[in-house]
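Asker: pasting a predicted model and its sequence here:
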Amino acid sequence: MRRLAWLLAGLVLALAAPAQAASPFADWAVVVVAGDWHAHSGGPSEAFDNARHDVSQALEKAGFEAANLRQFSVRPERYKDPGLGKSEPNAIFDAMVDLTGKATGGCLVYFSSHGAPQGVVVDQQLLPPPVLAGMLDKTCGARPTVVVISACFSGVFVPALAGANRMVLTAARPDRSSFGCGEADRYPYFDECFLSSIAGAASFPALGVAVQRCVATREVREGMTPPSEPQLFIGGALKPLLPLYSLASGPPRAN
């Protein structure tokens, strides 16, 4: 009993000193992808790249390490983000292989793009759900994995990506469009809700619910129909663990 008491006391002290503890996401591999640069009209739009850049910064503030995070854009030459790669499925997979080789704690993959019932747009091609599932299987494996897909029809990814160790959050159900990718939009609605909700969310499950509510509120306010209905799946093995991965707030840590 005395030994158990000492162990519990040590745990309480550790939890009471978060400033000295490493982020639970410090050893996670992260890939954030802007998959297109066109608005729904076909004209140019910065919405997806704005989301890519600002989601990456928000994740760093939440405790993910910049050294373990790679960003991808269809037009990387246009931006000054260090190490920004070209949005291509093979390049994204190669980055996942490299990152997961050194950051072994878990995985987070975020796409912001257009979508279709067949998959998410990555430059001039569609990345289908089974292909992304295979990429995750080969790199992240059984590690805790969070996948966020901001695109129309992105709910098509849930059946293929669903696993005991995974959380999947999508901008729409399989048969619905999402909104906010016009030429003048700063972000798609879903990405804006992700960004506005992450600072106040204690964990990824709470963030997912907050994003769903935010998107629904925004669509009602703007009169967008039918509602996109963002989807949230959390695997059985991950469900009791994710609340323990606390989303921190504050400035990114220096590397």
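Answerer: Sure thing, it's come through. Just so it is clear, the structure is predicted and the values come from calculations on it, not from any experiment.
Asker: okay, S246: pLDDT?
Answerer: With respect to pLDDT, S246 scores 88.
Asker: contacts only, for it.
Answerer: Taking Cβ atoms under 8 Å, 6 or more residues apart in numbering as the contact definition, S246 lies against 18, 24, 63, 202-203. To be clear about C-beta, it is placed using only N, CA and C from the backbone, and glycine gets the same treatment.
Asker: switch those residues over to TSV; also include distance to V120, pLDDT and neighbour count.
Answerer: Shown next, in TSV, are the contacts of S246 (distance: Cβ to Cβ, whole Å; pLDDT from 0 to 100; neighbours: other Cβ atoms under 10 Å):
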residue	distance to V120	pLDDT	neighbour count
P18	35	44	11
P24	28	93	20
G63	26	94	20
A202	28	94	12
S203	25	95	15
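Asker: for G105, state which of those residues is nearest.
Answerer: Here the nearest of those to G105, counting by Cβ to Cβ, is P24; it sits at 7.7 Å.
Asker: ok, now which ones touch that closest one?
Answerer: The contact partners of P24, by Cβ under 8 Å, 6+ apart, come to 63, 105, 244-246.
Asker: ok, now S197?
Answerer: 207, 210-211, 214.
Asker: go with 10 Å
Answerer: Shown here is S197, whose contacts under the criterion Cβ atoms under 10 Å, 6 or more residues apart in numbering are 58, 206-215.
Asker: for those residues, give me CSV that also has secondary structure, distance to C140 and neighbour count.
Answerer: As requested, those are exported to CSV (DSSP: H, G, I helix; E, B strand; the rest coil; distance: Cβ to Cβ, whole Å; neighbours: other Cβ atoms under 10 Å):
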residue, secondary structure, distance to C140, neighbour count
A58, helix, 21, 20
A206, helix, 22, 16
L207, helix, 19, 25
G208, helix, 18, 25
V209, helix, 23, 15
A210, helix, 24, 18
V211, helix, 22, 27
Q212, helix, 24, 19
R213, helix, 28, 13
C214, helix, 27, 19
V215, helix, 26, 27
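Asker: can you tell me the number of residues neighbouring the nearest residue to F204 once chain neighbours are set aside?
Answerer: Nearest in space to F204, with sequence neighbours left out and distances taken as Cβ to Cβ, 6 or more residues apart in numbering, is L242 at 5.1 Å. Neighbour count for L242, taken as other Cβ atoms under 10 Å: 18.
Asker: separation between L242 and G235?
Answerer: Taking Cβ to Cβ, to the nearest Å as the measure, L242 falls 9 Å from G235.
Asker: thinking again about what came up before, turn the contacts of P24 into a markdown table, columns for secondary structure.
Answerer: As requested, these are arranged in a markdown table below (DSSP: H, G, I helix; E, B strand; the rest coil):
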| residue | secondary structure |
| --- | --- |
| G63 | coil |
| G105 | coil |
| L244 | helix |
| Y245 | coil |
| S246 | coil |
